[in-house]
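Colleague: Here you go, sequence then predicted model.
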Amino acid sequence: MDSTPSLKAVGCPRPMPVSVAIIFVKESLTFNGEDDKFQNIMVTMLGAVYQFERSMLLERQREGIALAKAAGKYTGGKPRIDRDKVLKCLSEGMSVGATAKWLGISPSTVQRTKAL
């Protein structure tokens, strides 16, 4: 693994070799970055299994959300701010910071609401 670009980005004067090994004790597997065909195929297989499992999880999540929406149980979150109050304060000449303090929200929330 070549770490030169990231070391240059943080201002390291000279590149240092980086060596990482991943050891699975129970399965007695070791991945140490060497050019070993068995290690390469095992890492590829583990990555493929992970991607498959992740896609299945997301699919089940989407199905569950669709069922909950159909049953009327999934309506989304409650509005946390009153957009009209924010805009009213700003139109009356209050600054972003003063509006945020008055309403108990962050200035970035006021700016985001103002931009919408």
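Modeller: Ah, there it is. Model, not experiment: these values are computed from the prediction.
Colleague: What residues does R80 make contact with?
Modeller: For R80, the contact set (C-beta atoms under 8 Å, 6 or more residues apart in numbering) comprises I105. Quick note: C-beta positions are derived from backbone N, CA and C, even for glycine.
Colleague: repeat for Q39
Modeller: Residues in contact with Q39 (C-beta under 8 Å, 6+ apart) are T30, F31, N32.
Colleague: Quick one: those residues as CSV, columns for distance to Y50 and pLDDT too.
Modeller: Output for the contacts of Q39, formatted as CSV (distance: C-beta to C-beta, whole Å; pLDDT from 0 to 100):
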residue, distance to Y50, pLDDT
T30, 19, 85
F31, 14, 84
N32, 20, 83
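Colleague: Which of those are buried, as a ChimeraX select command?
Modeller: Per 16 or more other C-beta atoms under 10 Å, the buried members of the contacts of Q39 correspond to this ChimeraX selection:
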select :31
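Colleague: Between the contacts of Q39, which sits nearest Q51?
Modeller: Nearest to Q51 out of the contacts of Q39 is F31 (C-beta to C-beta; 17.6 Å).
Colleague: nearest residue to that closest one other than its sequence neighbours?
Modeller: Take F31 and drop its neighbours on the chain: the residue closest to it by C-beta to C-beta, 6 or more residues apart in numbering is I22, 4.5 Å away.
Colleague: I'd assumed G33 was in contact with that neighbour.
Modeller: No. Between I22 and G33 there is no contact under C-beta atoms under 8 Å: 9.2 Å.
Colleague: quick one, domains of this protein?
Modeller: Domain segmentation of the chain under automatic domain parsing yields 4-70, 83-115.
Colleague: rewinding a little: distance to V18 and secondary structure for the contacts of Q39 - can I get that in JSON lines?
Modeller: Below are the contacts of Q39 laid out as JSON lines (distance: C-beta to C-beta, whole Å; DSSP: H, G, I helix; E, B strand; the rest coil):
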{"residue": "T30", "distance to V18": "17", "secondary structure": "strand"}
{"residue": "F31", "distance to V18": "14", "secondary structure": "strand"}
{"residue": "N32", "distance to V18": "12", "secondary structure": "coil"}
